[in-house]
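In: my questions concern the predicted model and sequence given below.
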Amino acid sequence: MPSAATLDVRDLRMGFSTPAGLIVAVEDVTLSISKGEVLAIIGESGSGKTVTAMAIARLLPVPPARYLEGSVRMGEAQLLALSEREMEEVRGRRIGTIFQNPRASLDPSFTIGAQLVETLRRHDPALSRTAARAASAQALREVGFPDAERVLASYPHQLSGGMCQRIALAMTLACKPELLIADEPTTALDVGVQARILMLLKRRSQATGLPVILITHDIGVVAAMATRVLVMYGGQLQEEAPVEDLLERPLHPYTRALIAAIPDPDAPRGERLFIEGEPPNLADPPPGCRFAPRCPLAEAQCYKVQPALRAVGPGRSVRCHLV
Amino acid sequence: MENLIEIRNLSKTFRIRRGGFFTRETVLNHAVRDISVDIRKGEILGCVGGSGSGKSTLGRMILRLIEADGGSITHGGRDLRRLSAEELRQHRRRAQIVFQDPLQSLNPRRTVAENVARPMLNFGMAPSAAARRVDELLEMVGLDPRQAHRYPHEFSGGQCQRIAIARALALEPEFLFLDEPVSALDVSIQAQILNLLQRLQKELGLTYLFVSHDLKIVREFCDRTMVMYRGKLLESGGSDQVYRAPLHPFTQDFLGTVLHLRRDGRWERAAERAEDLEGAPPPIASEHCPYVTNCTHRLDRCMTADPALLPAGDERAVACFLHDPRFAAQPQENRKPIPTGVSA
């Protein structure tokens, strides 16, 4: 069944083999993203948000990771059926990725210029060295470096974390991917630097229609960036909604708690709502709803019966007995 | 209110060796420049700023984990910079620190009990008494003492931060320097740790210096807030006032980039201008306001003189000529930021 979506993930189930047995880190994740969308996946550590994103790009080493079920389709290609070599092509040309620690994506022993030129020439072998250098400078100007030449001559350690992240972004965007996966791209950075990088990402997505899967734990980032949101908890999707609906009428108690945790900048300061307890241990998940042990509204059935993800309106679904 | 800690004209300059093996070059980094501030007994003082603003250096100088170059720090009337080695060791009972990364600040090869007991054993407490106190401390921070024989890696980030707090409290200090204690934690856990710190502060009558780059948290958690940029103290006052009516243009711009849930375009406008909040040194050599390059309200005077921190009423202070009655009358216009060069 062909669709207009850039990426289609169905019933993805990911596990990890550990000495203590198989741990299912992601269960029954279905998602799709089309041109022009910024799909935010929000959740805390252990929610499965990063595993989902990494599984799509097949960046998790197998083993210990195991694809237990599901399909990941990009156009005609079934990504899970590709050989590692074919997948490398997909990662180089069709899926771009940026990560939380920008320094880790740059090689400390080469100048920024050398790394950009190599990336661009690998992407397009017909490109001459001079042309690649010019394209590199252009890519840097597009992410806000007016003095691109100076940056090209620098080594990563001579630049700040924010600059390195902008360069990683420039490098990824220069390869003109069909889909960008950004895993907590601004978590390690200051608010000001964060604002700058998120704006670059947003403008690029708006200008070219580049679909972005944005992994974050910050509902503020979601509000600023997303068109659509998936809320993950305990390895499962808990809620999916267009961003306005999610922020104005969150349905899942977990989503409501996430939103209540952010104080209104104009409201007087006061007690903020917070969630007691710790996220579930996925080696031994609770039998009912994954959130039940921390949920202020949980009833008897929530502890026993696992709720299913149900559609509750256009583009909206939620996994909760009480909705 | 009585002052617990008084800081006067405190400065610190780091020398950074740069360049290749043969081309040695020294760059001076003025991490903290001429800061004077009081920390009142029983208050939570917040300190905000971007990375490189000097906020962490300031806190570490108060504990003498970093030695100041100039100025003075008195804690309970004693001049900290003149303490002998033994006096400084004894002073550690009074002032402790909680770091950002709880897992890195605990000894991974020691059990939780050993980690928390260490400071007490260092100060000569009998092991049996220390063990009893460990149980007490763990209960105080909301952990089960029966888990004290486990190792830090068996606990979550939030639990490790509770352990680190228990250890910091072991010697019954009166002052804690909290260096981004919740930045590495999930949002739901952040609130738990902040509530714990708040409860402990009230119950034990503690004084905190709380450093963070998250203005939302500082506003909620701290009684007063000081705003730092490039080593300078630009503004201070009641947290709610600084947050709701910031005086310094830097604070206004910085606040604008704080993410919030309203999608009204305010964040986008601030984000477009966020270029220089990163704190690259400006290209101008002479004395000037540290924020001059990115400030859209600057006066001619801001380019040639560095404004001093002056009282601005209502227990507030600001270092900005716009709020100095002698200069504020000068005409000002909205100006474009001066483009800064790339710097390392």
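Out: Okay, I see it. Numbering: from 1, shown residues only, chains lettered A, B, ... in the order given.
In: show me the strands in the chain, by range?
Out: Just going to use chain A. In chain A, the strands defined using DSSP state E lie at A:7-18, A:21-33, A:38-42, A:65-74, A:77-78, A:95-98, A:179-183, A:212-216, A:228-233, A:236-242, A:310-313, A:316-318.
In: try chain B instead
Out: B:3-18, B:25-40, B:44-48, B:70-75, B:78-79, B:95-98, B:175-179, B:207-212, B:224-229, B:232-238, B:310-311, B:317-318.
In: got the ones you listed as a markdown table, with mean pLDDT, mean neighbour count and distance to B:Leu106 columns?
Out: Where you see a C-beta, it was placed from the backbone N, CA and C, and this is true even at glycine. Formatted as a markdown table, these follow (pLDDT from 0 to 100; neighbours: other CB atoms under 10 Å in any protein chain shown; distance: least, CB to CB, whole Å):
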| stretch | mean pLDDT | mean neighbour count | distance to B:Leu106 |
| --- | --- | --- | --- |
| strand B:3-18 | 88 | 16 | 27 |
| strand B:25-40 | 87 | 17 | 27 |
| strand B:44-48 | 96 | 26 | 24 |
| strand B:70-75 | 94 | 18 | 26 |
| strand B:78-79 | 93 | 12 | 30 |
| strand B:95-98 | 95 | 22 | 11 |
| strand B:175-179 | 96 | 24 | 15 |
| strand B:207-212 | 95 | 25 | 20 |
| strand B:224-229 | 94 | 26 | 28 |
| strand B:232-238 | 95 | 24 | 32 |
| strand B:310-311 | 92 | 12 | 43 |
| strand B:317-318 | 95 | 24 | 38 |
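In: show me the beta-bridge partners of the residue positioned nearest the centre of chain A.
Out: Most central in chain A under CA atoms, centre = their mean is A:Ile215, positioned 2.7 Å from the mean C-alpha point. In this entry, A:Ile215 is beta-bridged to A:Ile41, A:Asp183, by DSSP bridges.
In: which residues are in contact with it?
Out: A:Ala40, A:Ile41, A:Lys49, A:Thr50, A:Ala53, A:Ile181, A:Ala182, A:Asp183, A:Glu184 (CB atoms under 8 Å, 6 or more residues apart in numbering or on different chains).
In: which stretch among the strands of chain A comes nearest B:Glu114?
Out: strand A:7-18 (27.2 Å; CB to CB).
In: the closest one pairs with which strands, and in what direction?
Out: strand A:21-33 (antiparallel), strand A:65-74 (antiparallel).
In: the contacts of A:Ile215: which two are farthest apart?
Out: It's A:Ala40 and A:Thr50 that sit farthest apart of these, by CB to CB, at 13.2 Å.
In: between the two, which one's more packed in?
Out: Neighbours were counted for A:Ala40 and for A:Thr50 using other CB atoms under 10 Å in any protein chain shown; A:Ala40 has more, 27 against 23.
In: now do the more buried one, the pLDDT please.
Out: On pLDDT, A:Ala40 comes in at 96.
In: so who does the nearest residue to it once chain neighbours are set aside touch?
Out: When the adjacent residues along the chain are set aside, A:Ala40 lies closest to A:Ala226, with 3.7 Å between them (CB to CB, 6 or more residues apart in numbering or on different chains). Residues near A:Ala226 by CB under 8 Å, 6+ apart: A:Val38, A:Leu39, A:Ala40, A:Leu214, A:Val243.
In: A:Ala226 and chain B, how far apart?
Out: Remark: distance between A:Ala226 and chain B (CB to the nearest CB, to the nearest Å) = 10 Å.
In: could you do A:Ser317 as well?
Out: To chain B, A:Ser317 is 22 Å away according to CB to the nearest CB.
In: for that residue, give its distance to B:Gln241.
Out: 44 Å (CB to CB, to the nearest Å).
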